[in-house]
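Student: Turn this into a model:
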Amino acid sequence: MKHLQLVCTNPSMLEHALTLLEKGDLQHMYTLEDPDLGGILIGGFCENPLELPPYLTLHSEEEAVVDWDAQWKEFSPYATVEGDISCSLKAFGGPEITLRLFPGAGFGDISHPTTQLMLTLMCTQPLSFVVDIGCGGGVLSCAAGLLGAEKVYGYDIDPQAVHHAEKNTLLNDVQRSVKVGEHPLPEVSKATILLNMTLAEQKTALAAVNAHDCTWIVSGIHTENLDAFSTFIEEKGLEISHHESLNDWHAFILS
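Tutor: Modelled structure (predicted):
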């Protein structure tokens, strides 16, 4: 299996690129924004060659032994000399509490605007019961625990990401309130639901969620997809109560 890194040179096509690559069997995908590369870096693992559209270029290809410490040090502004991620939630309007993350395949090194927007909006909300859909390495789940949520459940279809998230709950000492797994809750009521993914992924995720009387914190929407997102949430009967943006990426609080 090869570890591939691709560059999406047209950010408005990121959602389409991720969907295309997933269909092409690129596994354990992660994204990193690096202006020096002229686009957004998409990484993942694949056994077979991929057919790439014009807006995707191959950045690197190697055998699938990844030095995540080196990757995080290269791409994340929050990487420490020890190789992990360390960042105070005060940077996002929260308390002076340090969030730490181990290097690993689960997405979430806090470098991408969508993650930063999620943390900013989370710091504005009272958090009690939190459900983190597509939790990846657990960055948002752990942050919710540090922000005082009494009960957090994060889930992801990738077992490697779940294992990574479990290690991060221990690193942040939030394992008593934060649990992670591979399966969605059958029904969610009176929760804060975290959703940091592309619009196409959101549509798939929401189709499997039976939620009632919940607050949604949603990110991963690029400027080019704002109209489609507005139509989507209107169909779901949701309304925007707050909107933040950063570098052409948008996040919302919905109810």
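Student: Start from the N-terminal end of the stretch 151-255 of the chain and give the strands.
Tutor: Ranges of strands within the stretch 151-255 of the chain are 151-155, 178-181, 188-189, 192-196, 211-212, 215-222, 240-246, 249-254, based on DSSP state E, counting those that start in this stretch.
Student: now those as JSON lines including mean neighbour count?
Tutor: Every residue, glycine included, has its C-beta placed from N, CA and C. Converted to JSON lines, the strands of the stretch 151-255 of the chain look like this (neighbours: other Cβ atoms under 10 Å):
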{"stretch": "strand 151-155", "mean neighbour count": "23"}
{"stretch": "strand 178-181", "mean neighbour count": "22"}
{"stretch": "strand 188-189", "mean neighbour count": "15"}
{"stretch": "strand 192-196", "mean neighbour count": "23"}
{"stretch": "strand 211-212", "mean neighbour count": "14"}
{"stretch": "strand 215-222", "mean neighbour count": "25"}
{"stretch": "strand 240-246", "mean neighbour count": "14"}
{"stretch": "strand 249-254", "mean neighbour count": "21"}
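Student: lowest-confidence stretch among the ones you listed?
Tutor: Mean pLDDT is lowest for strand 211-212 among those, at a mean of 91.
Student: Which strands border it, and is each parallel or antiparallel?
Tutor: For strand 211-212, the paired strands and their directions (DSSP bridges) read strand 188-189 (parallel).
Student: can you pull the contacts of H250?
Tutor: By Cβ atoms under 8 Å, 6 or more residues apart in numbering, the contact set of H250 is 117, 219, 221-223, 226, 229, 243-244.
Student: I misspoke; the intended subject was I97.
Tutor: With Cβ under 8 Å, 6+ apart, I97 has these contacts: 88-90, 146-147.
Student: Show me the shaky parts of the stretch 101-250 of the chain.
Tutor: 104-108 (pLDDT under 70).
Student: Helices along that one, start to end?
Tutor: 113-122, 139-146, 159-171, 199-207, 226-235 (DSSP state H, counting those that start in this stretch).
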